[in-house]
Each structure stands twice: as C-alpha cells, then as structure tokens.
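Chemist: I would like to see how this sequence folds:
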Amino acid sequence: MNCYETLFVVKPTLTEQEIASQVTKIKDILTREGAELIATDDMGMRRLAYAVEKQTRGYYTVLYYKAEGSKIAEIERNLKINEDIIKFLTVKYGTKKEIAQFDKMVASVGKNTKAPASKEAVVKEAVAEETVVQEA
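Modeler: Purely as a prediction, here's the structure:
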C-alpha cells in the first residue's frame, strides 16, 4: 500500500451541513475502495489563488490515507463527477524521504485540532477583507 494525500475544494455556497456531508461522502468512497484513512485536515474556508467556476473562495479539506495504486483512479473519478467539488489534487508519497515527510504531516494534523471557523465568521472576514481593499 502506498501513502497518498488528497486535497479537495468544496464550493463555498454550501451550508456547513452540506460541506460536512461532502467530506463524509469522500471519506466513505475511500473506505469503500479499501483505503485506510489516517488523518483528515479541515483547513476551512480560504481564498482561491484564481477564480474556479466563478468562485473566489472554497472550503479546503486534506485527506491522508494509504491505498493500492489501482484504487486512485476510482477515487478521482468520484471527485470529478461530484458537482460540489471545484478542484482536487492527489499526491503519492513513494520514497523513504517522502514517506517521512508524510508521517510528519499526519502528526502535525493531530496537533492542529483547531475547529474550522463557522461560515458566518468566514463571511464577516470576507466582507472586512473586501472593505479594506476598496478603501485602499
């Protein structure tokens, strides 16, 4: 089994429950495909580097897991057909040095147990950010 990291971005227009449902749906796909989920890092709502599907923000989640290489195509196929996911990226860790870095990242996720910000706090932050930009 190889070590993998999958980052995906969910549309910001969804409610907190819908976002949680999408994350759970992806975790269920991993389990169904026989992957061993090691850690989940909910990074929360963040600004995108560039607009994707007319969205400038998105809810980021990173999943760290171990799986057979043949299962990745099916996992990515499910991510592609999900209309609520606007971007995703899967990274494979193969060499000893990469696997050591993978283990470090998984350990740091356990230390960062800060709960993701509520959608209202994120909206207030975005409005404040826009007003500062407009004033300048």
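
Chemist: And the helices in the chain?
Modeler: Counting by DSSP state H, the segments of the chain that form helices are 16-32, 72-81, 96-111, 119-135.

Chemist: so which of these gets nearest residue 48?
Modeler: Nearest to residue 48, of all the helices of the chain, is helix 119-135, at 12.1 Å by Cβ to Cβ. (C-beta placed from N, C-alpha, C; glycine too.)

Chemist: tell me the mean pLDDT for the closest one?
Modeler: Mean pLDDT, computed over helix 119-135, is 45.

Chemist: Just put the helices of the chain in JSON lines and tack on distance to residue 46.
Modeler: Below are the helices of the chain laid out as JSON lines (distance: least, Cβ to Cβ, whole Å):
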{"stretch": "helix 16-32", "distance to residue 46": "13"}
{"stretch": "helix 72-81", "distance to residue 46": "18"}
{"stretch": "helix 96-111", "distance to residue 46": "16"}
{"stretch": "helix 119-135", "distance to residue 46": "9"}
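
Chemist: For residue 45, find the nearest of the ones you listed.
Modeler: Across the helices of the chain, residue 45 has its closest neighbour in helix 119-135 (4.0 Å, Cβ to Cβ).

Chemist: buried residues in whichever strand in the chain runs longest?
Modeler: Counting by DSSP state E, the longest strand found in the chain is strand 36-52. Within strand 36-52, the residues that count as buried by 16 or more other Cβ atoms under 10 Å are 38, 41, 42, 44, 45, 48.

Chemist: What of stretch 83-91?
Modeler: Buried residues in stretch 83-91, counted by 16+ other Cβ under 10 Å: 84, 85, 86, 88, 90.

Chemist: Tell me the one among those nearest to residue 33.
Modeler: Distance to residue 33, by Cβ to Cβ, is smallest for residue 90 among the buried residues of stretch 83-91, at 12.5 Å.

Chemist: Which residues are in contact with the closest residue to the closest one other than its chain neighbours?
Modeler: Leaving aside its sequence neighbours, residue 90 sits nearest to residue 6 (Cβ to Cβ, 6 or more residues apart in numbering; 4.6 Å). By Cβ atoms under 8 Å, 6 or more residues apart in numbering, the contact set of residue 6 is 26, 62, 63, 65, 75, 79, 88, 89, 90, 91.
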